[in-house]
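Visitor: Here is a sequence together with a model predicted from it:
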Amino acid sequence: MAADSAYVVAIDGPSGSGKGSLAMKIATRLGFHLLDSGAIYRLLALKSLQQGVDLDQQQAVLEVLDDFNIRFEVGEELSAAFLDDIDVTDELRREETGDAASRVARHAAVREALLGLQRGFFKAPGLVADGRDMGTVVFPDAQFKFFLYASIEIRAERRYKQLISMGLSANIAELLTDIAERDERDQNRSASPLIPAEDALVVDSSLLDSSQVVELVLGHMKDSI
Ligand code: DC
């Protein structure tokens with residue numbers, strides 16, 4: 001199948017909605033490629049921090065992209081990310097990195113500059129693209145669009161368990177505040193804000209476990225794929 005007739009499954013939603021693990025499982029089940037666009041913003045944030053760049057200065061962040069050498073190794077359960085050939089997977093998952101990513105992601109010119117890189121992940125037989133603007137901006141023609149939602153309390157609890165299982169420290173009250181701040185920034189920025197595409201299926205995962213969400217999403221696609 002030619003790449004231009006391949007499928008794109010766009011999965012958007014706020015942090016902690018479970019879209020990352022959903023995207024990975026759907027990609028594995030369908031044998032599709034995977035784009036974790038949040039990881040790209042996280043890598044850019046990490047590199048900007050390493051260079052002492054002010055994350056609120058669009059031009060300075062844009063210049064970091066002049067020498068932006070990133071790579072992913074995708075497995076069935078885990079995906080590793082490399083910055084300048086160094087494995088930074090653990091650093092990438094930290095709350096501080098997510099917060100920094102949300103700051104660099106506010107700049108319209110930075111988002112524009114990252115479009116080509118993100119679209120380059122689109123290859124036959126298909127791509128599962130995980131992010132905030134996959135269905136609205138990066139892949140507006142995606143055949144399947146899902147917007148995964150969960151209450152802020154559930155998202156904070158999931159994030160807490162995830163951090164603890166990674167051996168990191170975590171505090172529910174701080175996580176609630178961080179997630180609320182990040183939601184506010186991601187939803188209210190002028191460039192590609194976090195909103196469901198008009199043609200997206202909105203899935204509330206608050207009361208579903210991850211395998212129920214996977215089956216719901218695959219069930220929705222099964223007659224068309
Ligand atoms: O999905 P994530 O938590 O890894 O994303 C980290 C930050 O990157 C998120 O707070 C907002 C930004 N982001 C974005 O603006 N657009 C995307 N497509 C993906 C992430």
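Guide: On my side now, so go ahead.
Visitor: Write out the residues of this protein neighbouring the ligand.
Guide: 15, 37-38, 41-42, 98, 101-102, 105, 131-133, 182, 186 (Cβ under 6 Å from any ligand atom). C-beta coordinates here come from the backbone N, C-alpha and C atoms, glycine included.
Visitor: any chance of these in a markdown table, plus neighbour count and pLDDT?
Guide: Formatted as a markdown table, the residues of the chain next to the ligand follow (neighbours: other Cβ atoms under 10 Å; pLDDT from 0 to 100):
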| residue | neighbour count | pLDDT |
| --- | --- | --- |
| 15 | 22 | 84 |
| 37 | 21 | 96 |
| 38 | 19 | 96 |
| 41 | 23 | 98 |
| 42 | 26 | 97 |
| 98 | 20 | 90 |
| 101 | 24 | 96 |
| 102 | 25 | 92 |
| 105 | 28 | 95 |
| 131 | 28 | 96 |
| 132 | 27 | 94 |
| 133 | 24 | 96 |
| 182 | 20 | 87 |
| 186 | 20 | 86 |
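Visitor: Out of these, which two sit at the greatest distance?
Guide: Farthest-apart pair in these is 98 and 133; separation 16.4 Å (Cβ to Cβ).
Visitor: related to what we said a few turns ago, which of the residues of the chain next to the ligand fall in strands?
Guide: Counting by DSSP state E, the part of the residues of the chain next to the ligand found in strands is residue 131.
Visitor: give the contact list for the residue lying closest to residue 187 once chain neighbours are set aside.
Guide: Excluding the flanking residues, the one nearest residue 187 by Cβ to Cβ, 6 or more residues apart in numbering is residue 194, at 4.9 Å. Residue 194 makes contact with 12, 13, 14, 132, 133, 183, 186, 187, according to Cβ atoms under 8 Å, 6 or more residues apart in numbering.
Visitor: Now the phi/psi pair for residue 194, please.
Guide: Per-residue torsions, residue 194: phi -70, psi 100 (degrees, to the nearest 10).
Visitor: which residues in this structure form strands?
Guide: Here the chain has its strands, by DSSP E, at 7-12, 33-36, 70-74, 79-83, 86-87, 126-131, 144-149, 201-204.
Visitor: For the last one, which helices and strands make contact with it?
Guide: Strand 201-204 makes packing contacts with strand 144-149, helix 210-221 when contacts are defined by 3 or more Cβ pairs under 8 Å, 6 or more residues apart in numbering; DSSP states H and E.
Visitor: Determine how far it lies from the middle of the whole chain.
Guide: Relative to its parent chain, strand 201-204 has a centroid offset of 16 Å by Cα atoms, centre = their mean, to the nearest Å.
Visitor: if we can go back for a sec, give me the subset of the residues of the chain next to the ligand lying in helices.
Guide: In helices, defined here by DSSP state H, the members of these are 37, 38, 41, 42, 98, 101, 102, 182, 186.
Visitor: Of these, which is the nearest to the ligand?
Guide: Comparing those against the ligand with Cβ to the nearest ligand atom places residue 38 closest, at 2.3 Å.
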